[in-house]
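Visitor: predicted model, plus sequence, below.
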Amino acid sequence: MVLITEEMIKQFESMVEKFDEKLKTSFENIHQGYPTENLVRFLKARDGNVSKAYEMLIDCLNWRIENKIDDILAKPIIPVEFHRLIRDSQLVGMSGYSKDGYPVFAVGAGLSTSDETSIEYYVLSHIQINEYRDRVILPCATKRLGRYVGTCIVIFDMTGLKLSSIYQIIKKYSEMSTVNELNYPERTETYFIVNAPYMFSIGWKVVNPLMFERTRKKVKILSGSGRDELLKIMDYESLPHFCRKEWPGSSRHPTHGTDGNCFSLDHTFHKEMYNYIKEQEKRLEDQNGISHTRA
């Protein structure tokens, strides 16, 4: 990994100081009070090349402005039944924190589907989770620990993976991976893959060469549920439900209402996130109403 020097950072900072107001505002939503640490993320993503990191950041900010990403946490997916449908088919959630304070996110790749609605809604949901992580979860972790926390741990559960669905999964996650690589660089500390059936090796041979080298180096494939290995870096309470048992089929997610199932819309993480988005929607509507009155 390239060493990011003070000279690189200062050069990058001098370039960012020339941003117009729209770019500055969008960058503030990215860095949440930690501009230097976030410039370092983009430098790492471009191996310390300041010009390329600057170009990447500009592209990211323009993407945010053009797609109104800065307001995406004020746009709930409605009705709630439709949101639940997305949660039930796109299995993503947060189960807790590692011993070092990193948020632990879980992805049920093996049992996820993408045929309940258009891929655009799954990408929208994915971006909302990314934004909530970056603007709420990580800043709260930083404040609680008294030190900057800018990355998380992601655990992919391959339970239920079928040979017939491997390429569909690859297509879906490649789109989301592209969004992450271009607009949310260096947000993951480690990717763990658990409960991988034998056929996973087939899909892995396809995916592996397509991954960025820096991402590939962060991937660790664990035996079985990975429980014993994961308990070295997090407490039992932070393990995703599919890592807590060892017998076959144990990782299939529980029914709604079970707080231990971090994929469910009834889990604390999703409840708090959805309530936050509803609150931001009301705040934005109030602001627009005030602006309209003044106009």
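Guide: Perfect, I can see it now. As the structure is a computational prediction, the values presented were derived from the model and not from experiment. Numbers count the residues shown, from 1 in each chain.

Visitor: show me what the host helix or strand of L39 packs onto, helices and strands only.
Guide: Assessed by DSSP states H and E, L39 sits inside helix 35-45. Where contact means 3 or more Cβ pairs under 8 Å, 6 or more residues apart in numbering; DSSP states H and E, helix 35-45 is packed against helix 6-16, helix 21-31, helix 50-66. C-beta: built from backbone N, CA, C; applies to glycine.

Visitor: the second one to helix 6-16, inter-axis angle?
Guide: I take that to be helix 21-31. Taking axes from the mean of the first three to the mean of the last three Cα atoms, to 10 degrees, one finds that helix 21-31 is oriented at 140 degrees with respect to helix 6-16.

Visitor: tell me the mean pLDDT over helix 21-31?
Guide: Over the span of helix 21-31, the pLDDT mean works out to 97.

Visitor: hey, C-alpha coordinates of it in PDB?
Guide: Listed next in PDB are the C-alpha coordinates belonging to helix 21-31 (Å, rounded to 0.1, in the frame of the first residue of the first chain):
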ATOM      1  CA  GLU A  21     -20.100  26.400  -3.300                       C
ATOM      2  CA  LYS A  22     -22.000  23.400  -4.700                       C
ATOM      3  CA  LEU A  23     -18.900  21.200  -4.600                       C
ATOM      4  CA  LYS A  24     -17.900  22.500  -1.100                       C
ATOM      5  CA  THR A  25     -21.400  21.700   0.300                       C
ATOM      6  CA  SER A  26     -21.400  18.200  -1.200                       C
ATOM      7  CA  PHE A  27     -17.900  17.500   0.100                       C
ATOM      8  CA  GLU A  28     -19.000  18.600   3.600                       C
ATOM      9  CA  ASN A  29     -21.700  15.900   3.500                       C
ATOM     10  CA  ILE A  30     -18.900  13.400   2.600                       C
ATOM     11  CA  HIS A  31     -16.400  14.400   5.300                       C
END
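
Visitor: helices and strands around it, which ones?
Guide: Counting contacts by 3+ Cβ pairs under 8 Å, 6+ apart, helix 21-31 is packed against helix 35-45, helix 50-66.

Visitor: by how many degrees do that helix and helix 35-45 diverge?
Guide: In terms of direction (the same axes, to 10 degrees), helix 21-31 departs from helix 35-45 by 90 degrees.

Visitor: what comes up buried for helix 21-31?
Guide: Buried positions in helix 21-31, judged by neighbour count with 16 or more other Cβ atoms under 10 Å: L23, S26, F27, N29, I30, H31.

Visitor: who's in contact with that helix?
Guide: Here helix 21-31 makes contact (Cβ atoms under 8 Å, 6 or more residues apart in numbering) with 16, 19, 35, 37-39, 57-58, 60-61, 64-65, 69-70, 134-135.

Visitor: quick one: residues contacting M176.
Guide: Taking Cβ under 8 Å, 6+ apart, we find M176 in contact with Y122, V123, H126.
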